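[1] kindly return the folded structure for what I paste below:
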Amino acid sequence: MSSPSPATAPATGDAPAPAFPRTFWTANVTELFERGAYYSMASFVVIYLGQLGMGDYWPSTLNALLWGLIYFLPILSGTVADQVGFRRSLVMAFLLLGAGYLCMGSPVWLGGATLLPTVTPEVTAGAPIFGMVLAGIVLIGVGGSIVKPCISGTVQKTAGLRATLAFAIFYMVINIGSLFGRGMGYMARTNFGLSAIFVVAMGCALVALLTVLFLYIDPDRSRGAVPAAGPRRSVGRILLDMVLVLRNGRFALFLLVSSGFNFLYSQVYNVLPLYLKRVVETNPAVDLYTMANPFVIVFFQLLITRTFGRMKPVRSMIVGIVIISLSMVVNVVPIFLSGGVRAPLWDLLPVGSMVVILTVAMIAFGELFTSARTFEYIGALAPRGQEGLFLGYANLPIAIGALIGGPVGAYVFNEVMAKDAVKLDNGLLELVPANAATGWLILMGVGLASAVSMVLYNRWIEKHPA
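    Model prediction:
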């Protein structure tokens, strides 16, 4: 995007808005490939680990750990990046990410492991496989946590007076990267096997690394500015700040209440892949199905913002939580249809898969009502002069929701939905309809309880203003 040239600028005497600097665009390209790397494999992590022989619970638990690291560690890694510089931090981040994706694929590529055709409840993987996967999870989590504050910090520092436009571009790039990664992951795994998704992830991480090495310049240097020598924050100082933030009862309670939305959001990468792989299809295109999320955000973000932008933040968040709650219960419908969840719909896909796509799309609508308004609300909730400190903890609900959502989601699927299920000749499970419906109703209930909690929290805040 560029501003009008002097020859075409309006003759009003106003200077045209300056173009975004090169560092802004290289940061966005870097983010595109980082997101491409992550989403090329995200939809299949629990399936891949299940087919490695990690049983019913370890795949979702490890996936929850991955999400928890990515969204909790920026509290620490962002401070380190400020002190050593964004460029150095990004180089380290992509080296860690590349190594992490290599570790994830190594059990198949180097360890001789063979992926099982289906996900089985028994744990058959040995300690070396668990060790390599855990190393990959930690490396990806730490590397991803470094990228987040560096790229968003670069966008903020290079936005000038056009922060709204800059972050709109940034958010769009994230979703383009998501689409790109899922598409590339689909092509790789359908042609070369499931472990090939990590080759795509490594390739995207390599392109991002080369972009940083040859094109990216620290934003302060790109503006010709000399960074101010601020106080260096130690790990102890960071932990003290965390105590300061979490001692604020209003904020801590908000984090707890809002984590319900993220608990349900995490099921896109926990329960939904398991449900598709073990119940609906023997080879589901989970990566393509979950493309509904970025598609909805790209095409409806502006409309939702314009139409509902004046809605109060808490009310908007409640609407989003209700939407994501209802997205769970729609999966009950095909359970009781003639032919069940595997009945073909218009000779395209099983009806269960079509409803999962609808679920993902509804979750995206809920996200449009919730995510941005959460940051807005936290900024208003923070004590004067501490807005930046409190916003640094705005991703904690995602970490909390993911850490709880992985194991609990696995429990709901295995102990509730799949209770008394019969295994068919093709490896799929024939669920007891009442048990399957109960599982989806439980997930919906978690969301509705979160919405009610948000209403009660808001009433309490209004009665006890700071």
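
[2] quick check: can you list the domain ranges of this protein?
    By the record's domain assignment, the chain is partitioned as 20-223, 243-466 (automatic domain parsing).

[3] now these in JSON lines, with mean neighbour count, mean pLDDT and distance to G236?
    In this view, the C-beta of every residue, glycine as well, is placed from N, C-alpha and C. Listed next are the domains of the chain as JSON lines, based on neighbours: other Cβ atoms under 10 Å; pLDDT from 0 to 100; distance: least, Cβ to Cβ, whole Å:
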{"stretch": "domain 20-223", "mean neighbour count": "20", "mean pLDDT": "93", "distance to G236": "12"}
{"stretch": "domain 243-466", "mean neighbour count": "19", "mean pLDDT": "90", "distance to G236": "11"}
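
[4] of all these, which lies closest to R237?
    Between R237 and these, the shortest separation by Cβ to Cβ is 8.5 Å, and it involves domain 20-223.

[5] how about the domains of the chain in CSV, adding distance to R237?
    As requested, the domains of the chain are arranged in CSV below (distance: least, Cβ to Cβ, whole Å):
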stretch, distance to R237
domain 20-223, 8
domain 243-466, 10
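
[6] ok, which stretches of the stretch 151-300 of the chain are strands?
    Under the criterion DSSP state E, counting those that start in this stretch, strands are not mapped anywhere in the stretch 151-300 of the chain.

[7] now the helices for it?
    Read by DSSP state H, counting those that start in this stretch, the stretch 151-300 of the chain holds these helices, from start to end of the chain: 163-192, 197-214, 219-222, 235-246, 249-265, 271-275, 286-289, 292-308.

[8] so for Q83, which of these sits nearest?
    It is, among the helices of the stretch 151-300 of the chain and with distance given as Cβ to Cβ, helix 235-246, at 11.4 Å.

[9] got the angle for the closest one vs helix 249-265?
    An angle of 90 degrees separates the directions of helix 235-246 and helix 249-265 when computed by axes from the mean of the first three to the mean of the last three Cα atoms, to 10 degrees.

[10] touching helix 235-246 from outside, list them.
    Residues outside helix 235-246 that contact it (Cβ atoms under 8 Å, 6 or more residues apart in numbering): I75, L76, T79, R233, F251, A252, L255, L389, F390, Y393.

[11] switch the cut-off to 7 Å
    For helix 235-246, the surrounding residues in contact (Cβ atoms under 7 Å, 6 or more residues apart in numbering) are I75, L76, T79, F251, A252, L389, F390, Y393.

[12] likewise stretch 30-46?
    Contacts of stretch 30-46 with the rest of the structure, by Cβ under 7 Å, 6+ apart, involve 59-60, 63, 90, 97, 101, 144, 147, 151, 170, 173-174, 176-178, 180-182, 184-185, 194, 197-198, 200-201, 204-205, 207-208, 211-212, 216, 269-270, 273-274, 286-287, 290.
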